[in-house]
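Student: just a sequence and a predicted model for now, questions to come.
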Amino acid sequence: MNRRQYLHHMAALAALTLIDGRVWAVPDAAQAGGNRLLVVMLRGAYDGNSLLVPHGFPFYYAARPNIAIPHPQSGQTDSAIDIGHGYGLHPVLRDSVWPLFQRQQLAFVPFSGSGDMSRSHFEAQDLMELGVAPGPHLDESSGFLERLVQVLRDSHRPAGGIAFTNNLPLSFKGPHIVPNIALNGNVQTLPDNAETERIKALYAGSALDSYLQSGMRTRAEIAATLGDMQQSARGAAHPDQFVAMTGKMARLMRDDPRYSIAFVDLGGWDSHINQGATQGMLASHLDQLGKGLRMFADTMGDAAWRHTVVVVMSEFGRTFRENGTRGTDHGHGNTLWVLGGSIQGGRLAGEMGDLNEASLFQQRDTPILNDYRSVLANLMQRMYALDDRALEQVFPRVTPHEFALL
């Protein structure tokens, strides 16, 4: 074999077995109990005050003269869907997740978020995925989903995860091998049989042989389920791609317990300019997100959906007031979604506050009254019967307040 052939084989091996610098391998056992967890990260900071419309708070309409969602009593067919307590849902969700809310399979946790004060997308996203509190000695060694996998394995409940992302997310950063498959890219096809056999022969008997074999199996298995993905732009998937992929994501998580803990990210939520109201950029994104989540739930089927929890979150919210370009800027508090067949939904959960000019955080943002880590810790405690020590490993120095979501 000459040098050019050797380099070609090495590149093929890297494409087969390495993603974000990590070797692909088949997780060694099924997730105990059949529970499934999907975390959806909306990158760019979506506007929770257009999702969960505070129509009962007059200051909302004063602060947003051009982009407020119409009051449900306005008589307009595209007005907010009233859910009580002065709140309503964006009308584009009427046929997708509104029925899940009515079936008490969807709850919202408003006034939620992290303690990050940077208003930087990247810093806030990193902090949220690491699952740690901000501070001078930030522990960046692992992400919260990686630590969840670890504590489950420590209690002899082997768990495996998967990231439907272009690169391995920080939430899965750590020692365990987690495959990642981008929603906006295709599963790279395996070389032809002759090429595959040459690669196998090259590494036969070496320390990398078992990793190569495992990587090939894993790639083939996931390609069989997700193999017709279409190539698109780099980075987080666009919401339009989410609808097309959620059925396949659900089938993989439903039918293969090795991939029962999953993460997916969707980009494009930064709405500084022309955010829109009942129509426009944000409405289109929410429509696609809602349809994708409904597709995921329907594909799971009743039996698996009863043991599934989906959490939708974003790095921070947006300013309560609209800006001069009919958009919103980087904010603070936001609304977290929790879906699942056994969720005690059809309601707003967590501590609630007022929304007027005097109650805004720094005179501009929705305040944070519910730590997102406390919400997730409470969900994981219920899903996996984690004790206090295990919870401390997943979310250090967090008290899991009772949100009664499960």
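Tutor: Done, it's in.
Student: and stretch 315-328, what's buried?
Tutor: Glu315, Phe316, Gly317, Arg318, Thr319, Phe320, Arg321, Glu322, Arg326, Gly327, Thr328 (16 or more other C-beta atoms under 10 Å). C-betas here are computed from N, CA, C, even on glycine.
Student: touching, the third one and Leu355? I think so.
Tutor: No. Using C-beta atoms under 8 Å as the test, Gly317 is too far from Leu355 to be in contact (11.9 Å).
Student: tell me what Arg318 is bridged to.
Tutor: His330 (DSSP bridges).
Student: now Leu52
Tutor: Note on Leu52: beta-bridge partners by DSSP bridges are Leu89.
Student: residues contacting stretch 85-98, please?
Tutor: Applying C-beta atoms under 8 Å, 6 or more residues apart in numbering, the external contacts of stretch 85-98 come out as 50-57, 69, 72, 77-83, 101, 106, 110, 278, 283-284, 286-287, 290-291, 293-294, 339, 348, 352.
Student: what does stretch 393-405 give?
Tutor: 107, 109, 131-133, 139, 144, 147-148, 150-151, 338, 343-345, 349-350, 370-371, 373-382, 386, 391-392.
Student: what do you get for stretch 353-360?
Tutor: By C-beta under 8 Å, 6+ apart, the residues outside stretch 353-360 that reach it are Pro54, Phe57, Pro58, Phe59, Tyr60, Ala63, Phe111, Phe320, Gln363, Thr366, Pro367, Leu369.
Student: may I see those residues organised as a markdown table, with pLDDT, distance to His176 and secondary structure added?
Tutor: Below are these laid out as a markdown table (pLDDT from 0 to 100; distance: C-beta to C-beta, whole Å; DSSP: H, G, I helix; E, B strand; the rest coil):
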| residue | pLDDT | distance to His176 | secondary structure |
| --- | --- | --- | --- |
| Pro54 | 98 | 41 | coil |
| Phe57 | 97 | 45 | coil |
| Pro58 | 97 | 50 | helix |
| Phe59 | 97 | 47 | helix |
| Tyr60 | 98 | 44 | helix |
| Ala63 | 98 | 45 | helix |
| Phe111 | 98 | 34 | strand |
| Phe320 | 98 | 40 | coil |
| Gln363 | 95 | 44 | coil |
| Thr366 | 97 | 36 | coil |
| Pro367 | 97 | 36 | coil |
| Leu369 | 97 | 34 | coil |
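Student: can you list the low-confidence ranges for the chain?
Tutor: Within the chain, the stretches with pLDDT under 70 are 1-33, 183-193, 196, 207-235, 237.
Student: could you pull out the helices in it for me?
Tutor: 3-17, 48-51, 58-63, 98-102, 121-130, 144-154, 193-203, 209-226, 239-255, 281-305, 372-384, 388-394 (DSSP state H).
Student: ok, back up a step: farthest pair within the buried residues of stretch 315-328?
Tutor: The largest separation in the buried residues of stretch 315-328, counting by C-beta to C-beta, is between Glu315 and Arg326 at 22.4 Å.
Student: domain assignment for the chain?
Tutor: 1-24+189-228, 31-186+232-394 (automatic domain parsing).
Student: tell me which of these sits most buried.
Tutor: For these, the largest average neighbour count (mean count of other C-beta atoms under 10 Å) is found in domain 31-186+232-394, namely a mean of 20.
Student: from the chain's centroid, how far away is that one?
Tutor: A distance of 6 Å separates the centroid of the chain from that of domain 31-186+232-394, by C-alpha atoms, centre = their mean, to the nearest Å.
Student: let me know the closest of the contacts of stretch 353-360 to Leu38.
Tutor: Closest approach to Leu38 among the contacts of stretch 353-360 (C-beta to C-beta): Phe111, at 23.2 Å.
Student: so what's that closest one up against?
Tutor: Gly333, Thr335, Gly350, Glu351, Met352, Gly353, Thr366, Pro367, Ile368, Leu369, Asn370.
Student: among the residues you listed, which are in strands?
Tutor: Thr335, Asn370 (DSSP state E).
Student: for Phe403, give its distance to Val338.
Tutor: According to C-beta to C-beta, to the nearest Å, Phe403 stands 8 Å off from Val338.
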